[in-house]
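Q: Got a predicted structure here, sequence first:
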Amino acid sequence: MPQMNRIALALAGIAGLAVQPATAVQLSRSGAGQVLIFPYFIARPSASAADGESNTLISIVNTKPQFKAVKVRVLESRNARELRDINVFLGPWDIWTTAIIPTATGARLVTNDNTCVTPRNMFSEPGLDSFTNASYSGVFADGDPFGAGSTTLDRTREGYIEVIEMGVVTTPQTQAFIKHGTNGIPANCAALDALDPGIGTGGTSFPTGLSAPSGGLNGRATIINSALGINFTYTATALDNWSDSVRYGAAGSGQPRLGAASPPVSTIVLPNGDTLRQTWASGRDAVSAVLMRSAVNNEFILDAGTASQTDWIITFPTKRDYIGIAAGATAPIPQAPFSSNFGGFGACDETIAGSEGYQGFNREGVPLLAAPTSLRLCWVSNIIPFFSNISLLRATAVAPHTNAMQTALAGATTQGGPATSVPGGVQGGNGRMTLRFGTAAQRMTPISSTLNNAPTANTTLVGMPFISLGVHNYRRSGVISNYGGVIAPVYEQAFVK
């Protein structure tokens with residue numbers, strides 16, 4: 001090839017790379033990012049003296065020397081209806097802590113932290129921090145099929161949480177309002193209300209004085225029940241490069257949405273280290289792409305000697321942007337990879353049926369029986385108990401799977417052999433299971449794809465966009481001892497060209 005042609009091709013390749021947007025939403029490798037997703041919270045009062053009260057404690061950390069405007073949104077588990085939408089203003093290296101605790105009828109968001117929030121009287125005026133059913137009752141009723149429970153405040157006691165960095169505060173005066181003094185108290189939280197277009201009146205307001213998000217948010221949550229000895233602590237899923245521009249939304253506005261990624265481009269690091277970059281028709285698809293998994297693997301612990309239980313949590317954070325309510329001529333068409341609107345029995349999506357959907361092994365590596373049906377996941381946040389449909393967390397957003405799951409667990413019990421400490425001892429139902437997605441509807445195809453910055457055949461993602469968490473406990477009979485821990489999931493990805 002002539003030297004000039006080689007140079008021309010090289011320059012053309014460089015130009016092709018230059019036109020690609022620098023920002024593309026991706027899973028954070030460091031655990032910190034512009035967006036945090038907490039897959040589950042629970043806040044339930046004690047049903048008895050021995051049962052105990054369940055609370056969820058949340059910590060949001062700013063790991064950068066910048067002032068940040070952050071959206072904190074609490075959503076209920078069944079149909080992701082909004083329970084609380086506030087703005088939090090973090091100073092450099094600031095940590096904001098809060099808790100979701102039960103009330104007599106529902107739940108509320110509380111804090112003892114000095115960090116500024118808007119509206120500023122959220123935690124100082126009685127009743128404002130309590131969750132309401134306004135987003136899923138009256139004209140906003142969504143047809144939750146569980147009778148009286150469909151619109152009661154009990155529905156506020158389980159859900160998940162979004163944390164979105166809206167921008168970096170650049171105006172010195174506003175930074176001074178947010179900055180904590182030597183007494184640990186910010187200088188003027190009240191002044192921030194006047195800058196919020198949903199609260200203040202007149203004058204200059206946000207998003208003026210903000211620059212694009214820079215990331216660096218980290219978070220953890222703890223589900224705690226002192227009477228039951230439960231302390232399950234997990235880290236939030238972090239997304240980086242979610243937006244290249246300011247995305248401010250007033251407190252209570254419902255904005256920005258998680259699916260508003262900008263530009264609508266995703267980056268996925270493949271298991272072999274290659275980088276798959278894809279352009280999508282919308283920001284919601286870009287966010288879904290980085291959360292797209294074909295399967296989740298995890299352990300289950302049902303050991304008889306410790307009366308153990310295991311719950312899995314599977315949450316679809318972008319689901320509410322793809323589905324509508326019920327059926328009929330006026331109902332919107334559910335968008336792939338989701339296949340049903342909310343109504344009847346939630347909005348159900350299913351794993352693959354048979355051994356492909358419930359791929360289980362006992363602790364000795366022996367395959368378990370295949371469940372005859374698929375697992376139906378009908379809520380946004382789903383609890384999958386591995387013990388007779390009884391949730392360790394006392395959750396109500398339980399996947400309707402009793403018979404199928406019990407069939408799949410048949411044969412999980414193992415017995416100690418001659419090399420064990422207790423030969424002949426029955427160890428109970430223990431092992432691992434894979435839940436697999438990949439039906440014909442569970443696919444997403446982008447506008448275009450590149451692999452390691454080179455054009456490649458357009459790549460369809462197979463599976464569902466979800467995040468997962470596993471928890472288990474141990475009990476010792478005859479003594480007051482109840483404890484447990486978190487089991488981190490292992491995900492799989494699948495692609496079709």
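A: It's in. Predicted model, so just to flag it, every value in this text is computed and none were measured. Numbers count the residues shown, from 1 in each chain.
Q: Run through the bridge partners of residue 180.
A: In this entry, residue 180 is beta-bridged to residue 186, by DSSP bridges.
Q: wait, what's in contact with it?
A: Residues in contact with residue 180, defined by CB atoms under 8 Å, 6 or more residues apart in numbering, are 91, 94, 114-115, 186. C-beta here means a position set from N, CA and C on the backbone, and glycine is covered the same way.
Q: just the buried members of those?
A: 91, 94, 115, 186 (16 or more other CB atoms under 10 Å).
Q: Make sure the first one is actually in contact with residue 62.
A: Yes - Residue 91 is within contact range of residue 62, at 7.3 Å (criterion: CB atoms under 8 Å).
Q: shared neighbours, these two?
A: Common contacts of residue 91 and residue 62 (CB under 8 Å, 6+ apart): none found.
Q: For residue 198, state which of the contacts of residue 180 is nearest.
A: residue 115 (19.3 Å; CB to CB).
Q: The closest one and residue 233: what is the separation?
A: Noted for residue 115: a distance of 21 Å to residue 233, by CB to CB, to the nearest Å.
Q: Make a markdown table out of the buried ones among the contacts of residue 180 and add secondary structure.
A: Output for the buried ones among the contacts of residue 180, formatted as a markdown table (DSSP: H, G, I helix; E, B strand; the rest coil):
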| residue | secondary structure |
| --- | --- |
| 91 | coil |
| 94 | coil |
| 115 | coil |
| 186 | strand |
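Q: now, the most widely separated pair of those?
A: It's 94 and 186 that sit farthest apart of those, by CB to CB, at 9.4 Å.
Q: Quick check: neighbours shared by these two?
A: Counting by CB under 8 Å, 6+ apart, the residues touching both residue 94 and residue 186 are 115, 180.
Q: Secondary structure of residue 166: a strand, I assume?
A: Yes - judged by three-state DSSP, residue 166 forms part of a strand.
Q: what sits against it?
A: 69-71, 87, 207, 210, 213, 246-249, 256.
Q: ok, now with 6 Å
A: Residue 166 makes contact with 69, 71, 247-248, according to CB atoms under 6 Å, 6 or more residues apart in numbering.
Q: just residue 360 next, same as before
A: Contacts of residue 360 (CB under 6 Å, 6+ apart): 368, 408, 433.
Q: Might you specify the subset of those residues located within strands?
A: residue 433 (DSSP state E).
Q: Could you report the neighbour count for residue 334?
A: 18 (other CB atoms under 10 Å).
Q: Quick one: low-confidence residue ranges for this structure.
A: The model of the chain has pLDDT under 70 over residues 1-22, 49, 144-149, 200-203, 327-331, 344, 355, 371-372, 401-404, 477-482.
Q: That one: helices as residue ranges?
A: 3-18, 172-178, 190-195, 283-290, 402-409 (DSSP state H).
Q: Who are the packing partners of the fourth one?
A: Helices and strands touching helix 283-290, by 3 or more CB pairs under 6 Å, 6 or more residues apart in numbering; DSSP states H and E, are strand 265-269.
Q: run the last query once more with 10 Å
A: Helix 283-290 sits against strand 26-27, strand 237-240, strand 265-269, strand 275-279, strand 443-444, strand 460-462, strand 464-465, with contacts defined as 3 or more CB pairs under 10 Å, 6 or more residues apart in numbering; DSSP states H and E.
Q: Please write out the alpha-carbon positions of it in CSV.
A: This file holds the C-alpha atoms of helix 283-290, laid out as CSV (Å, rounded to 0.1, in the frame of the first residue of the first chain):
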residue,chain,number,x,y,z
GLY,A,283,-30.7,7.4,28.0
ARG,A,284,-32.9,4.7,29.7
ASP,A,285,-31.5,2.1,27.3
ALA,A,286,-27.9,3.1,27.9
VAL,A,287,-28.4,2.7,31.7
SER,A,288,-30.3,-0.6,31.2
ALA,A,289,-27.4,-1.8,29.0
VAL,A,290,-24.8,-1.5,31.7
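Q: Sort out which residues of that helix are buried, please.
A: 283-290.
Q: do the same with stretch 264-279
A: Neighbour count says stretch 264-279 has 264-268, 276-279 buried, by 16+ other CB under 10 Å.
Q: With adjacent residues omitted, what lies nearest to residue 308?
A: residue 301 (4.7 Å; CB to CB, 6 or more residues apart in numbering).
Q: Count the neighbours of that neighbour for me.
A: Residue 301, neighbours per other CB under 10 Å, totals 23.
Q: How is the protein partitioned into domains?
A: Split into domains by automatic domain parsing, the chain comes to 21-263, 281-497.
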